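> Quick check, what structure comes out for this input:
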Amino acid sequence: MTAVAPQPAVRPHHRVFRVPGVYPVQRDTWLLADVLRAELTDHGCGPGRSCRVLELGAGAGALSVVAAGVPCTEVTAVDLSRRALLSTRINAVRHGRRVRVRRGDLTAPVAGERFDLVVSNPPYVPAETDELPDHGLARAFDGGRDGRAVLDRVCDEAPRVLTAGGRLLVVHSAFNDPELTVRRLEERGLTAEVVARHEHPYGPVLTARSALLQERGLARPDQRTEQLVVVRAQAPA
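Numbering: from 1, shown residues only. The predicted structure is shown next:
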């Protein structure tokens, strides 16, 4: 795999409105937003060619708002949380962007549709058990014991809604084994690679789970930083 140069610093203090109970936008979202914007600008939409974009697990809708700011995009945001979708609507209006929202589980609300680009920042933090929370902030970051419970579903479902030559962008932690993400997507007929990396200090959630990460051999005893990665995959043309 081609080596990936470190990415420019992301914008951890950029403010996005959110209804109480919706997880705040953080560094992983802004890293993915930079890759998303470049993907749409350099290889996606333009005069005479509209581009359909789908965000899975929209949260406050920051990625949808970024995508909708690129000319010739048609953006759909999906989330299970009504509060998340309300936050998405509000952020779209505040920025003068048009975003279609759909409530449901990953690709279920858009079954039968096809998109040129799917983008996702799924829950991926390793947790005590594989039982996923069904409410509260933890639903936005708990990913089961290995952090891949939702991530693997994104890898499985996203290819089904891509157009020929369509692309998937997904961000997660190096704790979740990026090479496994690449292999899983390749098994579904896509070409895939890591296209961005960013090292940053633990936030409150990882700080609280640092002992858990050490027990599972994912982190060193003195480790207090996490590497984020963005994986890009493309369907056959």
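> How about Pro133, nearest residue that isn't a chain neighbour?
Once flanking residues are discounted, Pro133 sits nearest to Arg139: 4.7 Å by CB to CB, 6 or more residues apart in numbering. The C-beta positions use only the backbone N, C-alpha and C, and glycine is treated the same way.
> wait, isn't the one you found in contact with Ala127?
No. Counting by CB atoms under 8 Å, Ala127 is not a contact partner of Arg139; they are 11.1 Å apart.
> Compare those two (neighbour count), which wins?
Ala127 (21 against 18; other CB atoms under 10 Å).
> Next up, the contacts around the more buried one.
Counting by CB atoms under 8 Å, 6 or more residues apart in numbering, Ala127 touches Asp142, Gly143, Gly144, Arg145, Gly147, Arg209.
> And the strands in this structure?
All strands of the chain, identified by DSSP state E, fall at 51-56, 73-79, 99-103, 115-120, 162-173, 191-201, 225-234.
> Distance to Leu185, mean pLDDT and mean neighbour count added to these, as a markdown table?
Listed next are these as a markdown table, based on distance: least, CB to CB, whole Å; pLDDT from 0 to 100; neighbours: other CB atoms under 10 Å:
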| stretch | distance to Leu185 | mean pLDDT | mean neighbour count |
| --- | --- | --- | --- |
| strand 51-56 | 14 | 97 | 27 |
| strand 73-79 | 19 | 97 | 25 |
| strand 99-103 | 24 | 98 | 18 |
| strand 115-120 | 11 | 97 | 26 |
| strand 162-173 | 7 | 97 | 21 |
| strand 191-201 | 4 | 97 | 17 |
| strand 225-234 | 4 | 97 | 20 |
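> now those in JSON lines, with distance to Val66?
Formatted as JSON lines, these follow (distance: least, CB to CB, whole Å):
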{"stretch": "strand 51-56", "distance to Val66": "9"}
{"stretch": "strand 73-79", "distance to Val66": "9"}
{"stretch": "strand 99-103", "distance to Val66": "10"}
{"stretch": "strand 115-120", "distance to Val66": "9"}
{"stretch": "strand 162-173", "distance to Val66": "11"}
{"stretch": "strand 191-201", "distance to Val66": "15"}
{"stretch": "strand 225-234", "distance to Val66": "14"}
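> Against Pro20, how distant is the residue lying closest to Val101 once chain neighbours are set aside?
The spatial neighbour of Val101 that comes closest, neighbours along the chain excluded (CB to CB, 6+ apart), is Leu85 at 4.6 Å. Distance, Leu85 to Pro20, using CB to CB, to the nearest Å: 14 Å.
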